[in-house]
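Novice: return a 3D structure for these sequence lines:
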Amino acid sequence: MFGGVYGTVLASALLAALHQKGEAFTPYYDASWVLVTAATAGLAHGYSHHMAAHLRDSAVRRWQLLGVALWNEWPLIVAALPTVLLLVAAGLFGWDAYAVTAVGLGLNTALLFAWGALVALRVGHRLGSALAIGMADATIGLAIIVANAVIK
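Specialist: Numbers count the residues shown, from 1 in each chain. This is a model prediction of the structure:
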């Protein structure tokens, strides 16, 4: 759940920030930055988890644990893929930057809702509280939408 929420929020923030009014829309460039940033964040997060839990083990064992910590960050990268795919599709089909940003932020907000609600149901919350948890997660996406509107 953590990686999914973090990756979706990261992709939303990048989507909102990468294109500026008056600049040429560069969807392939933007897609590459979303993907590179998500991968870098995953590596940094996995490495920091590894270092925070650093144990006195053999060098081989420490490398194995580092590999596991890095591998465990895959949800962060996967969560950024809908935004990456949307930007690639925008480049292929010549979609408008404003529309792509609006659709992407809306999609990511819906994904945040789904992450929260589905995980809450999975761990045993009732439907009402699961939906409330989903709305709490979606609020992060809504905050990015509002910030994008205010800043731009």
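Novice: in this protein, what secondary structure element scores lowest on mean pLDDT?
Specialist: When the helices and strands of the chain are compared on mean pLDDT, DSSP states H and E, helix 59-71 comes out lowest with a mean of 89.
Novice: that helix: what's the following helix or strand?
Specialist: Proceeding C-terminally, helix 59-71 gives way to helix 74-93 as the next helix or strand, assigned by DSSP states H and E.
Novice: for whichever helix or strand comes after that following helix, what is the distance to the chain centroid?
Specialist: Sequence order places helix 97-122 as the next helix or strand after helix 74-93, per DSSP H and E. Helix 97-122 has its average C-alpha position 10 Å from the chain's average C-alpha position, going by Cα atoms, centre = their mean, to the nearest Å.
Novice: quick check: mean pLDDT of helix 97-122?
Specialist: In this model, helix 97-122 has a mean pLDDT of 95.
Novice: that helix: which residues count as buried?
Specialist: Within helix 97-122, the residues that qualify as buried are 97, 100-101, 104-105, 107-109, 111-113, 115-117, 119-121, counting by 16 or more other Cβ atoms under 10 Å. Quick note: C-beta positions are derived from backbone N, CA and C, even for glycine.
Novice: same thing with stretch 67-82?
Specialist: Using 16+ other Cβ under 10 Å as the test for burial, stretch 67-82 gives 69, 70, 72, 73, 75, 76, 77, 79, 80, 82.
Novice: also stretch 27-40?
Specialist: Judged by neighbour count using 16+ other Cβ under 10 Å, the buried positions of stretch 27-40 are 27, 30, 31, 33, 34, 35, 37, 38.
Novice: and those, which two are the farthest apart?
Specialist: In terms of Cβ to Cβ, the buried residues of stretch 27-40 reach their longest pairwise distance at 27 and 38, which sit 16.2 Å apart.
Novice: thinking again about what came up before, what residues does the least confident helix or strand of the chain touch?
Specialist: Taking contacts as Cβ atoms under 8 Å, 6 or more residues apart in numbering, the residues outside helix 59-71 that touch it are 42, 43, 46, 47, 49, 50, 53, 54, 55, 57.
Novice: format the residues you listed as CSV; extra columns: secondary structure, pLDDT and distance to residue 14.
Specialist: Converted to CSV, the contacts of helix 59-71 look like this (DSSP: H, G, I helix; E, B strand; the rest coil; pLDDT from 0 to 100; distance: Cβ to Cβ, whole Å):
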residue, secondary structure, pLDDT, distance to residue 14
42, helix, 94, 14
43, helix, 94, 16
46, helix, 91, 19
47, helix, 92, 21
49, helix, 86, 22
50, helix, 88, 25
53, coil, 81, 29
54, coil, 75, 30
55, coil, 73, 35
57, coil, 81, 36
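Novice: perfect, I'm done here.
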